[in-house]
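Undergrad: Pasting a predicted model and its sequence here:
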Amino acid sequence: MTTFAVRPGSSRQLAGTGTLLRFALRRDRLMIPVWIGVNALMVLSMPGTLEGLYGTPAERADLIRQMAGNSSLRAMIGPVFDDSIGALTAWRVGVYAGALAAVMSLLVVVRHTRDEEESGRQELVASGMVGRRASLTSALLAAAVANAVLALLVTAGLAGHGAAGALALGLGIAGVGMVFATMAAIVAQLTESARLARGLTAAVLGTAFVLRAAGDSASNDGSSPMTWLSPLGWLENLRPYADERWWVLALLAGAVLLQGAMAYGLAGRRDIGMSFLPTRPGPATGRLGSAGALAWRLQRGGVLGWSIGFLLAGVVYGGMTEGAADLVGDNAGARRIFERMGGRSGLTDAFLASMVGMLGLVAALYIVASVLRLHGEETSGRAEPVLANAVGRLRWAAGHLVIAFGGAALLMLLAGLGFALGYGKDIGPILGACLVQLPAIWVIGGLAVLLIGVLPRAAAAAWGVAGAVLLIGWVGPALDVPQAVLDLSPFGHLPKLPGGSMEWRPVLVLLGLAVVLVAAGLAGLRRRDMTT
């Protein structure tokens, strides 16, 4: 067992911070590098892609002109401030890189604060010579280390296009990450559940994206008040490679310091395991009289949040369809990327198929998170009293898995309805295109079930698989990687709908694979010892 000693001259409030930081980085030695690698590769691969798409000044000038008049695409990506490759890189991936850094940061902070308290490990740690705020400090430092490494990679990788712009983009992405790290630290003090802390912080991130999108749709220069209400809008208005506004970094730093101070103040005013917004006790009978009902009660908030997000995303992407066709125009490179992602049945259908595929990749993140909730219930000890009653392991697991796999189907159905509402026609083919993503999504969920059942200590590796699949599907077509690499993802074997021909063989093979993975995982769960 690790012991924590107070070094001479160290603050009592921060005693043991260094040891806890090393422990946090060791625990996240897989998760943090995966998130950093996916984000950095997405950013650093973009200049080469853009040079192939918009290689001449005339093509880049035409892009700026078209973006100025296309509010739908500005809502999705943001306005263009300059025609250099560096500025186009910041335009194309800056907001998304900031959002990914925010997700990484909130996961790290919640895991090493509220998750530790909810599992009871924090109480054991606190019984040693550990300062009251050491856990919070180590969690924030772990997030800071991850964001600093990401900033260094982005700055070094883009320095050839301009050192100042590369530094601004790297610091901006890391700054957004730390804004949401400190926000997660506040929410972790307010809530009694790690799941709720992650969900609320993610909801704030979603709100920030919506505010930025609404502001950019209304203005083509980032000047809308709604854009300035969002930390993602601050990153955009930092304007890397376009006469950098260095003073915007002060907004990010100020938000980090203010929110960090609030988190520290709240941490000093509560007991371990307690919160300022305690969870209300629920009924022990009635709607919670079964394991399935309990699973639904635990996951219904997440399902609702994801459902709203997918419906809105479908509406936005559907409304962009005609504008995307105008933007691509005669650009052969952009057309080729959409065809690799969505098929060769026509630009409009290819765009729809590529956007549906992107939402399928995001739905894989949902199913991993939902399946891993099963593992979280086990490791936290909450599954033990449930299984002590007349509830078998398979029945207990089935409640969570029905929500995970059925929830994925609901998300894609709502996305299809959103596409139909935004696009205004062809509801049948679009719904079919969304639902055909389910076999690949379920394969990722089945792999998560297998890890929980057979290798529970490696269950978090399911996030790495989902991240790798997301990277292949998102960046692979733009980098013109070989088809063999794209085929490593289950999504690479799905028919390209709408527009393409329906091929049942790969769909049925993926469905069968998902069934086998789930069955093997449940068999392992039934036989192995439960962990805590």
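TA: Yep, it's here. Just so it is clear, the model here is predicted, and its values are computed rather than measured. Numbers count the residues shown, from 1 in each chain.

Undergrad: Every contact and neighbour count from this point should use C-alpha atoms.
TA: Fine.

Undergrad: middle-most residue in this structure, spatially?
TA: By Cα atoms, centre = their mean, the chain has its centre lying nearest to Val103, at 5.3 Å.

Undergrad: Surely it is in contact with Ala203?
TA: No. Counting by Cα atoms under 8 Å, Val103 stays clear of Ala203, with 10.8 Å between them.

Undergrad: Can you list the low-confidence ranges for the stretch 101-250 of the chain?
TA: The model of the stretch 101-250 of the chain has pLDDT under 70 over residues 119-131.

Undergrad: That one: helices as residue ranges?
TA: 114-119, 121-126, 134-158, 163-190, 194-218, 225-228, 231-237, 248-267 (DSSP state H, counting those that start in this stretch).

Undergrad: The stretch 251-400 of the chain too?
TA: Counting by DSSP H, counting those that start in this stretch, the stretch 251-400 of the chain has helices at residues 291-328, 332-342, 347-379, 383-387, 393-423.

Undergrad: average pLDDT for the first one?
TA: Think helix 291-328. What helix 291-328 shows for mean pLDDT is 77.

Undergrad: ok, Pro220 - contacts?
TA: Wrong residue type there; residue 220 is Asn, not Pro. Contact partners of Asn220, counting by Cα atoms under 8 Å, 6 or more residues apart in numbering, are Met67, Ala68, Ser71, Arg74, Pro79, Val80.

Undergrad: ok, back up a step: how about the helices of the stretch 251-400 of the chain in a markdown table, adding distance to Ala166 and mean neighbour count?
TA: Listed next are the helices of the stretch 251-400 of the chain as a markdown table, based on distance: least, Cα to Cα, whole Å; neighbours: other Cα atoms under 10 Å:
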| stretch | distance to Ala166 | mean neighbour count |
| --- | --- | --- |
| helix 291-328 | 27 | 19 |
| helix 332-342 | 25 | 20 |
| helix 347-379 | 27 | 23 |
| helix 383-387 | 48 | 15 |
| helix 393-423 | 36 | 22 |
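
Undergrad: Which one of the ones you listed lies nearest to Ile441?
TA: helix 347-379 (5.1 Å; Cα to Cα).

Undergrad: Go ahead and measure how far the closest one is from the middle of the chain.
TA: The chain centre lies 10 Å from the centre of helix 347-379; the measure is Cα atoms, centre = their mean, to the nearest Å.

Undergrad: Contacts only, for Ala459.
TA: Leu372, His375, Ala448, Leu451, Ile452.

Undergrad: Surely the last one is in contact with Arg526?
TA: So the one you mean is Ile452. No. Taking Cα under 8 Å as the definition, Ile452 is not a contact partner of Arg526, at 10.9 Å.

Undergrad: Same drill for those two, tell me which one is more crowded.
TA: Relative neighbour count places Ile452 above the other of Ile452 and Arg526, with 24 against 16, counting by other Cα atoms under 10 Å.

Undergrad: so what's the more buried one scoring on pLDDT?
TA: Ile452 is given a pLDDT of 90.

Undergrad: can you tell me the helix or strand for it?
TA: According to DSSP states H and E, Ile452 maps onto helix 438-454.

Undergrad: Just want the angle from that helix to helix 393-423.
TA: 150 degrees (axes from the mean of the first three to the mean of the last three Cα atoms, to 10 degrees).

Undergrad: Can you name the residues in contact with helix 438-454?
TA: 360-361, 363-364, 367-368, 371-372, 375, 404-405, 408-409, 412, 458-459, 462, 465-466, 490-491, 494, 507-508, 510-511, 513-518, 520-526, 528.

Undergrad: ok, now with 7 Å
TA: Contact with helix 438-454 is made by 360, 363-364, 367-368, 371, 375, 405, 409, 458-459, 462, 466, 490-491, 507, 510-511, 513-514, 517-518, 520-522, 524-525, as judged by Cα atoms under 7 Å, 6 or more residues apart in numbering.

Undergrad: And the spatially closest residue to Trp296 that is not a sequence neighbour, what's its pLDDT?
TA: In space, and not counting its chain neighbours, Trp296 is closest to Ile403: 6.9 Å by Cα to Cα, 6 or more residues apart in numbering. pLDDT for Ile403: 92.

Undergrad: any idea how far Pro495 is from the residue nearest to the centre of the chain?
TA: Distance from Val103 to Pro495, counting by Cα to Cα, to the nearest Å: 31 Å.

Undergrad: Repeat that for Leu106.
TA: Using Cα to Cα, Leu106 is found at 35 Å from Pro495.

Undergrad: Just want to know which of these two has more residues nearby.
TA: Taking other Cα under 10 Å, Leu106 and Pro495 do not tie; Leu106 has more neighbours (30 against 22).

Undergrad: re the thing from before, rebuild the contacts of Ala459 as a markdown table, extending it with distance to Pro225.
TA: Conversion of these to a markdown table gives the following (distance: Cα to Cα, whole Å):
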| residue | distance to Pro225 |
| --- | --- |
| Leu372 | 39 |
| His375 | 43 |
| Ala448 | 42 |
| Leu451 | 46 |
| Ile452 | 46 |
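
Undergrad: Return the residues in contact with Arg526.
TA: Counting by Cα under 7 Å, 6+ apart, Arg526 has contacts Arg393, Leu394.

Undergrad: What distance do you get for it to Trp396?
TA: From Arg526 to Trp396 the distance is 11 Å (Cα to Cα).

Undergrad: cool, Leu169 as well?
TA: Counting by Cα to Cα, the gap from Leu169 to Trp396 is 47 Å.

Undergrad: swap in Gly160?
TA: 55 Å.

Undergrad: now swap in Val356 and tell me
TA: In this view, Val356 and Trp396 are 33 Å apart by Cα to Cα.

Undergrad: Contacts only, for the residue nearest to Val356 when sequence neighbours are not counted.
TA: What sits nearest to Val356 in space, not counting adjacent residues and going by Cα to Cα, 6+ apart, is Cys434, at 6.0 Å. Counting by Cα under 7 Å, 6+ apart, Cys434 touches Val356, Met412, Leu413, Gly416.

Undergrad: The same query, at a cut-off of 8 Å, please.
TA: Cys434 makes contact with Val356, Gly357, Gly360, Met412, Leu413, Ala415, Gly416, according to Cα under 8 Å, 6+ apart.

Undergrad: before we move on, back to that, got the CA coordinates for the helix holding Ile452 in CSV?
TA: Extracted C-alpha coordinates of helix 438-454, given in CSV (Å, rounded to 0.1, in the frame of the first residue of the first chain):
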residue,chain,number,x,y,z
LEU,A,438,-26.1,0.0,-35.8
PRO,A,439,-24.3,-3.2,-36.5
ALA,A,440,-20.9,-1.4,-36.4
ILE,A,441,-21.9,0.5,-33.3
TRP,A,442,-23.0,-2.7,-31.6
VAL,A,443,-19.7,-4.4,-32.4
ILE,A,444,-17.9,-1.7,-30.5
GLY,A,445,-20.4,-2.1,-27.6
GLY,A,446,-19.9,-5.9,-27.8
LEU,A,447,-16.2,-5.5,-27.5
ALA,A,448,-16.7,-3.4,-24.3
VAL,A,449,-18.9,-6.1,-22.9
LEU,A,450,-16.2,-8.7,-23.7
LEU,A,451,-13.6,-6.7,-21.8
ILE,A,452,-15.8,-6.3,-18.8
GLY,A,453,-16.6,-10.0,-18.7
VAL,A,454,-13.1,-11.4,-19.5
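
Undergrad: buried residues in it?
TA: Neighbour counts using 16 or more other Cα atoms under 10 Å place 438-454 of helix 438-454 among the buried residues.

Undergrad: any idea which helix or strand comes after that helix?
TA: Criterion used, DSSP H and E; the element after helix 438-454 is helix 461-479.

Undergrad: buried ones in the helix or strand following that following helix?
TA: Counting by DSSP H and E, the next helix or strand C-terminal to helix 461-479 is helix 483-486. For helix 483-486, burial by neighbour count (16+ other Cα under 10 Å) applies to Leu486.

Undergrad: Helix 483-486 packs against which elements?
TA: When contacts are defined as 3 or more Cα pairs under 8 Å, 6 or more residues apart in numbering; DSSP states H and E, helix 483-486 sits against helix 461-479.
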